[in-house]
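Engineer: Next input, structure requested:
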Amino acid sequence: MKRTCSSIGSGCHVVLLCVALLALTSCGSSSDASTIPTGPSPTLATETFSGDIAQNGTQIFNFTVATSGNTLLAGYTSISPASIASLGMGIGVWDTSTSTCGLNMSQNDAAKSGSTAISGTANSGAYCVRVYDGGNIPAGGDATFSIQVQHF
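Structural biologist: Residues are numbered from 1 along each chain as shown. Model (predicted):
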């Protein structure tokens, strides 16, 4: 006698349900490595630097980017006195052996307070930000500034 699920009763339905669940769970698993997290997200670092410069003056601050391929932003949070509308700002590679800033990344001769002066993507490594008079500080005058650099 040939048995079918209808002739066996509820026992066959349980077996079919188990087979279906087994098939669904094995279909739901994936060996695609792109869906598996590879580690923690990089941490945003915010660094603040401040100082004073005279006409034709410059100041350099160095910082380290820990994670490659992420955004780097830099800008003035304040410039005073109010009569000085902008200052120059540049980002470059910090040479640790000579303690010099090679401004080879990006430069803005007229960066204003309250806006992003420089943005880009940075690799990990030693960098520097250079603040300089872009021609706006009068003879005998000076400017006080504060800058913020954000990176990962």
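Engineer: need the contact list for the nearest residue to residue 88 once chain neighbours are set aside.
Structural biologist: Of all residues not flanking residue 88 in the chain, residue 134 sits nearest, at 3.5 Å (C-beta to C-beta, 6 or more residues apart in numbering). From N, CA and C alone the C-beta is placed, and that goes for glycine too. Residue 134 sits next to 86, 87, 88, 109, 110, 111 when contact means C-beta atoms under 8 Å, 6 or more residues apart in numbering.
Engineer: got it, and residue 107?
Structural biologist: 88, 89, 90, 91, 118.
Engineer: and if you look at residue 66?
Structural biologist: Residues near residue 66 by C-beta under 8 Å, 6+ apart: 42, 43, 45, 124, 152.
Engineer: Which two of these have the greatest separation?
Structural biologist: 43 and 124 (13.0 Å; C-beta to C-beta).
Engineer: if you count what's nearby, which of the two comes out ahead?
Structural biologist: For residue 43 versus residue 124, the count of surrounding residues by other C-beta atoms under 10 Å is larger for residue 124: 15 against 8.
Engineer: And the furthest pair within the contacts of residue 107?
Structural biologist: It's 88 and 91 that sit farthest apart of the contacts of residue 107, by C-beta to C-beta, at 11.6 Å.
Engineer: quick one: which of the two has more around it?
Structural biologist: residue 91 (26 against 20).
Engineer: Now do the buried residues in stretch 42-49.
Structural biologist: Buried residues in stretch 42-49, counted by 16 or more other C-beta atoms under 10 Å: residue 49.
Engineer: thinking again about what came up before, shouldn't the residue nearest to residue 88 be within a helix?
Structural biologist: No - counting by DSSP: H, G, I helix; E, B strand; the rest coil, residue 134 is not found in a helix; it is coil.
Engineer: where's it relative to residue 149, distance?
Structural biologist: Per C-beta to C-beta, to the nearest Å, residue 134 is found 18 Å from residue 149.
Engineer: do residue 43 as well
Structural biologist: Shown here: residue 43 relative to residue 149, a distance of 14 Å by C-beta to C-beta.
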